[in-house]
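> Okay, here's the prediction I keep looking at, along with the sequence it came from:
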Amino acid sequence: MKITKLGHCCLLIEEGGLRILTDPGAYSTAQDKINNVDLVIITHEHQDHFHIDSLKTVLKNNPKAKVITNSAVGKILTEEGVNFELVEQNQKTTFAGLNIEGHGDEHAYIYSTITPVQNTGYFIGERLFYPGDALYNPQKSVEILALPVAGPWLTIGQAIDYAKEISPKICFPVHDGMLDLKKLGPVHRLPKAVLEPLGIKFVEMIEGSVQDF
């Protein structure tokens, strides 16, 4: 599996001959220039994960791409005239032999006055679990975890404990696009320091990084 971190939570995943784009949000623009995309997976409706103008650009450049998402995002897509396939909690689909499973249904708690939104994590190709904005345990073996490391709903301690709970072979950081690239040290260094002695490899990835797993 080859993963390119376009920014924040926007990933280009290449597996089984497919090119899969996750969460084309407002914190990244590199997705607007990507071609030959087969699938676009959207976890939830917040703008750092789902920017409708960016998605329309992606689909214009990749007219054969299929969008996979949940009911809440699907409602917005329907209003915008964008077709999609519904995959959410306890649902799955197969595309060209690659399995995509939906896990979880709620965005992590932010604050009492902030209305929660639906969030679906996705298990991709039986290898990669990308939880979106939640610390959901899919209750199955995870080889690679896209680990959220920063945000208004998350502390670095919670991120580390989540990785320990999931216990993947490898994890890499996502949801750090709001941070200064020159000041990512603590949110990358601390998980690495704690997790690697436990046998969980932490691969540091910044915007533009490409990694084979």
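Thanks, I have the structure now.

> Please name the residues that touch the residue nearest to residue 35 when sequence neighbours are not counted.
In space, and not counting its chain neighbours, residue 35 is closest to residue 61: 5.8 Å by Cβ to Cβ, 6 or more residues apart in numbering. Heads up, the C-betas are built off the backbone N, CA and C, glycines and all. Counting by Cβ atoms under 8 Å, 6 or more residues apart in numbering, residue 61 touches 32-35, 37.

> Low-confidence stretches in this structure?
Across the chain, nothing is flagged by pLDDT under 70.

> In PyMOL, select just the buried ones from the contacts of residue 61.
Selecting only the buried entries of the contacts of residue 61 in PyMOL, with 16 or more other Cβ atoms under 10 Å as the criterion:
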select buried, resi 32+34+37
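
> Who are the packing partners of the helix or strand that residue 146 is a member of?
Following DSSP states H and E, one finds residue 146 within strand 144-148. On a contact count with 3 or more Cβ pairs under 8 Å, 6 or more residues apart in numbering; DSSP states H and E, strand 144-148 meets strand 128-130, helix 156-166, strand 170-174.

> strands paired with it, and their directions?
If you go by DSSP bridges, strand 144-148 pairs up with strand 128-130 (parallel), strand 170-174 (parallel).

> can you pull the buried residues of stretch 11-27?
Buried, per 16+ other Cβ under 10 Å, within stretch 11-27: 11-15, 18-27.
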